[in-house]
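Student: Any chance you could fold what I've pasted below:
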Amino acid sequence: MRRAGQKHGGCVVLRPVTATILITFVGVLCLLSFAMGSTQAKQGSRMPMLSVTTSDSHVKLSPEADNMIQETDAEAVETADGAQVVQDEAHNDTTEQIADSSQAAVPIAESVEPADEWETVRMRVTAYCPCPKCCGEYSDGITACGHKIRPGDVFVAADRRFAFHTEMVIDGYGNSQPVKVLDRGGAIKGNKLDVFFMTHQKALEWGVRHIDVKVRRTAASS
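Tutor: Next comes the predicted model:
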């Protein structure tokens, strides 16, 4: 085989075919370099919205970005203010509810009526009727308290220490239901009672009895 080139005086002499290949290769490299440079130039011409300049570690924003940030901050402040207003209203409502419940919890003082108390007293119980034999000059059909006697009345004559209209329960008289003191008697003193009957015969039939009588006493009569 023959060599591609021959030396003549320290120079390399290339054959025409080899020279053509080298020239073509160099041209391709130039075209590729030019194409890459154009692509980089086009990419470099696109300006970003935010231009960042490094200077004393501060970031400088474009006017558009600055306006967006200011609007965002304003919206955040409005949202925070709205949340604070809602929180204040909720707190006020809770305070009012607590105040209302505290007022509702305070009991209203009510007037307390005196409690009735029954006292058992051993008494000598006799009987009488409205006739002159039993009542003498006071047999006018009106008791000492001004009560006009009517058929079917049941009541008792008692000592002055028992106020008029004091209720008593006497076993065997008035169906053992409470009856009231509506009369007095000259011989009725201390623990003595006279129960009233409409007829003298009924009074005689009662006779004389010693009975445990229940007396209702209230704060007004005690």
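
Student: list the buried ones in the longest strand seen in the chain?
Tutor: Counting residues, the longest strand found in the chain (DSSP state E) is strand 117-128. Judged by neighbour count using 16 or more other CB atoms under 10 Å, the buried positions of strand 117-128 are 123, 125-128. The C-beta positions use only the backbone N, C-alpha and C, and glycine is treated the same way.

Student: Distance to residue 135 and pLDDT for those residues - can I get that in TSV?
Tutor: Putting these into TSV (distance: CB to CB, whole Å; pLDDT from 0 to 100) gives the following:
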residue	distance to residue 135	pLDDT
123	21	97
125	18	98
126	13	97
127	13	97
128	7	97
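
Student: Helices of the protein, start to end?
Tutor: 16-44, 63-105, 132-135, 200-206 (DSSP state H).

Student: Pick the one among the buried residues of strand 117-128 closest to residue 197.
Tutor: If you rank these by distance to residue 197 using CB to CB, residue 127 comes first, at 5.7 Å.

Student: Look up how far residue 160 lies from the closest residue to residue 128 other than its chain neighbours.
Tutor: Among residues not flanking residue 128 along the chain, residue 134 sits closest, at 3.9 Å (CB to CB, 6 or more residues apart in numbering). To residue 160, residue 134 is 19 Å away according to CB to CB, to the nearest Å.

Student: These two: which has the busier surroundings?
Tutor: The neighbour comparison of residue 134 against residue 160 (other CB atoms under 10 Å) goes to residue 134, with 18 against 11.

Student: Look up how far residue 206 lies from that one.
Tutor: Distance from residue 134 to residue 206, by CB to CB: 12 Å.

Student: just residue 19 next, same as before
Tutor: As for residue 19, its distance to residue 206 is 168 Å (criterion: CB to CB).

Student: circling back to that earlier point, who's in contact with the residue nearest to residue 128?
Tutor: Counting by CB atoms under 8 Å, 6 or more residues apart in numbering, residue 134 touches 128, 200, 203.

Student: surely the last one meets residue 197?
Tutor: Yes - checked against CB atoms under 8 Å, the pair residue 203 and residue 197 is within contact range at 4.7 Å.

Student: Give me the common contacts of the two.
Tutor: 127-129.

Student: how about those residues in TSV, adding distance to residue 151?
Tutor: Shown next, in TSV, are the shared contacts of residue 203 and residue 197 (distance: CB to CB, whole Å):
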residue	distance to residue 151
127	17
128	16
129	12
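
Student: ok, those residues vs residue 193, which is closest?
Tutor: Nearest to residue 193 out of these is residue 127 (CB to CB; 9.2 Å).

Student: How about the contacts made by the closest one?
Tutor: 194-197, 202-204, 206-207.

Student: quick one: least confident helix or strand in this protein?
Tutor: Using mean pLDDT, DSSP states H and E, the weakest-scoring helix or strand in the chain turns out to be strand 6-8, at a mean of 47.

Student: domain ranges for the protein?
Tutor: What the record gives for the chain is the domain set 1-35, 117-217, from automatic domain parsing.
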